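J.: this one's structure only:
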């Protein structure tokens, strides 16, 4: 193996090991279509984050231990279009989760803007949440009810309006059989279309490095540094 390839391989290995140690820090969305990922905003209230071409998405919580049960209308694979029944359920308190929010709000004035796309996650999806009180198909309002628990710290959320999904064509959500991908389709005009996704964290039970993790991290950094130095100066370690 050439020197540069070995250095790259060491870097990849080190990055992978750091991800295993750091746990929730490495939580991630694997891929998206029709979505622009942003940092959690100061506000997501209507007319603040507008786009006619893309749904906006951000990470709300990672490695978060639920202090209460969270109710959701989608807890099993399938397509939810106002015709197929919901799979109402709860994510139990004490469960460690990641949460993500997706937001579609077109510029005004408009005659209705269509959005579609998908989000694939690194870990299984536990629940998808989009029900609001003005949707007659919804048995219970889940979106606003879950925000105090799962919302991003420092973000002001829209409440008490038709800002979730009004299930029925074109507002549909599909959870894939492997529970890794949510596919969405919707049309927004005078109100926003938002939904929340709750997943398992990438690595559970390790929100901090702790002493053993710090020891391993230190050894890995020393090994990587030594290999890099030896490759740059192959004769430096010889006994003269």
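T.: Yes, it's here. All of these numbers come straight from a predicted model, not from anything done at the bench.

J.: in the protein, where is pLDDT below threshold?
T.: The chain contains residues with pLDDT under 70 at 1-27, 204-240.

J.: tell me the centre residue of it?
T.: The residue lying closest to the centre of the chain (CA atoms, centre = their mean) is residue 100, at 4.0 Å.

J.: a strand runs through that residue, doesn't it?
T.: Yes: the assignment for residue 100 by DSSP: H, G, I helix; E, B strand; the rest coil puts it in a strand.

J.: does residue 144 sit in a helix, a strand or a coil?
T.: Going by three-state DSSP: residue 144 is helix.

J.: buried residues in the longest strand belonging to the chain?
T.: In the chain, taking DSSP state E as the definition, the longest strand is strand 55-65. If you call a residue buried by 16 or more other CB atoms under 10 Å, then strand 55-65 has these buried ones: 55-64. (Each C-beta comes from the backbone N, C-alpha and C, glycine too.)

J.: ok so, going back, who's in contact with the residue nearest to the centre of the chain?
T.: Neighbouring residues of residue 100 by CB atoms under 8 Å, 6 or more residues apart in numbering: 29, 57-60, 119, 121, 196-197, 199.

J.: could you rerun that using 10 Å?
T.: Listed by CB atoms under 10 Å, 6 or more residues apart in numbering, the contact set of residue 100 reads 27, 29, 37, 57-62, 119, 121, 125, 150, 152, 182, 195-199.

J.: likewise for residue 166?
T.: Neighbour list for residue 166: 82, 130-132, 134-138, 186-188, 191, 193 [criterion: CB under 10 Å, 6+ apart].

J.: wait, which of those residues is closest to residue 90?
T.: residue 131 (13.5 Å; CB to CB).

J.: report the contact partners of the closest one.
T.: 71-74, 80, 86, 88, 137-146, 164-167, 195.

J.: which members of these are classed as buried?
T.: Neighbour-count burial (16+ other CB under 10 Å) applied to these gives 71-74, 80, 86, 88, 137-138, 141-146, 164-167, 195.

J.: nearest to residue 178, of the buried residues of strand 55-65?
T.: Taking CB to CB as the measure, residue 178 lies nearest residue 57 of these, at 20.1 Å.

J.: pretty sure the closest one is touching residue 33, no?
T.: No: taking contacts as CB atoms under 10 Å, residue 57 lies outside contact range of residue 33: 11.6 Å.

J.: returning to what we had before: show me what the residue nearest to the centre of the chain is bridged to.
T.: When bridges are called by DSSP bridges, residue 100 pairs up with residue 59, residue 197.

J.: adjust the sequence numbering to begin at 247 for everything that follows.
T.: Let's use 247 as the start, then, which means that last one is residue 346.

J.: where along the protein do the strands fall?
T.: Using DSSP E, the strands of the chain run over 275-279, 281-283, 301-311, 316-318, 324-326, 335-337, 342-350, 359-367, 371-375, 418-421, 427-434, 439-445.

J.: between these, which one is closest to residue 406.
T.: Proximity to residue 406 (CB to CB) singles out strand 439-445 among those, at 13.2 Å.

J.: which strands and helices sit next to the closest one?
T.: Applying 3 or more CB pairs under 10 Å, 6 or more residues apart in numbering; DSSP states H and E, one finds that strand 439-445 contacts strand 301-311, strand 316-318, strand 342-350, strand 359-367, strand 371-375, helix 389-396, strand 418-421, strand 427-434.
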